[in-house]
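# Pasting the sequence and the predicted model now:
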Amino acid sequence: MKDCLRPLAYISHSCLVTSLCGVTAGLTLRVAWVERRALLLKVPTRSVGTRENRQPKGCGHCRNVIASTNNVFSRTRITNRMPLQKIVSAEFHKRFAAPPQSIVRAPGRVNLIGEHTDYNDGFVLPMAIDRAVWIALRRRDDRRVRVHSLDIPNPAVFSLGAIAHGESWDEYVRGVAWSLQEADFQLEGWEGVMSSDVPIGAGLSSSAALEMAIATAFSVVSGWQFDPGQMARI
């Protein structure tokens, strides 16, 4: 009987491996598509300093978009030769005239199954990707937080003793600090420079990556152990 079931087990195993390979290939294509889409959203509709600027929309307009897109990809390839870790470290040194004390990282992720079921106690199967939020930082002694983003204007600046609602992206930083203090974590102030290559609004958890990076930064400067499960529940 066991000999009869062996071919079926082999077939099931082969199908599983094939399915997982297909999912991995699909995720690779999805990330690549998301990156290109994110870049396309930032592309100007006309090239600067060309005669085609004066042409009406049509074939010439399309050529301008394609040319601008190619320029963006060329600049991106050149920029990405330096890893984000080195970029935030160099920018920190430039801004504060000293090297950072610590550098933390939190990756984006994709969900193979379970989108929007994680907070309803459902089944999930997430996977980290090679895009992440990086923060170069050092501790402050006055319990103030100051975070400069290389991707978004206006820094996040506030005091841990008086956390109020902010504006724009700094709500994530304030929210993490408030939640940690509500959970009885002792926090110390810090200042840092951050950047991310996780596409925003593409289903790759750029916000969660930012929150985990901020929580990791607080754990480093405050001297308590970072527990991933506990941080996810907070």
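Happy to help now that I have it.
# Any stretches of this protein with poor pLDDT?
1-81 (pLDDT under 70).
# mind listing the helices in it by residue range?
2-41, 59-79, 84-96, 170-182, 206-222, 228-233 (DSSP state H).
# Could you count how many residues lie near Glu91?
By the criterion of other CB atoms under 10 Å, Glu91 has 18 neighbours. Any C-beta I mention is one placed from the backbone N, CA and C, and that applies to glycine too.
# That should have said Asp170, apologies.
19.
# Go ahead and confirm it touches Ile163.
No: look at Asp170 against Ile163 with CB atoms under 8 Å: they stay out of range, at 10.9 Å.
# and the longest strand seen in the chain, what does it pack onto?
If you go by DSSP state E, the chain has its longest strand at strand 126-139. Under the contact criterion of 3 or more CB pairs under 8 Å, 6 or more residues apart in numbering; DSSP states H and E, strand 126-139 touches helix 2-41, helix 84-96, strand 102-111, strand 190-196, helix 206-222.
# ok, 6 Å please
Secondary-structure packing of strand 126-139 (3 or more CB pairs under 6 Å, 6 or more residues apart in numbering; DSSP states H and E): helix 84-96, strand 102-111, strand 190-196, helix 206-222.
# Return stretch 208-226 as CSV; C-alpha atoms alone will do.
Presented in CSV, the C-alpha positions along stretch 208-226 are these (Å, rounded to 0.1, in the frame of the first residue of the first chain):
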residue,chain,number,x,y,z
ALA,A,208,5.1,49.1,9.0
ALA,A,209,8.8,49.1,8.1
LEU,A,210,9.1,52.7,9.2
GLU,A,211,7.4,51.9,12.5
MET,A,212,9.6,48.9,13.2
ALA,A,213,12.7,50.9,12.4
ILE,A,214,11.6,53.7,14.8
ALA,A,215,10.9,51.1,17.5
THR,A,216,14.3,49.5,16.9
ALA,A,217,16.0,52.9,17.2
PHE,A,218,14.2,53.5,20.6
SER,A,219,15.3,50.1,21.9
VAL,A,220,19.0,50.8,20.9
VAL,A,221,19.2,54.2,22.7
SER,A,222,17.0,53.2,25.6
GLY,A,223,18.8,49.9,26.5
TRP,A,224,15.9,47.4,26.4
GLN,A,225,15.6,44.2,24.3
PHE,A,226,13.7,44.4,21.1
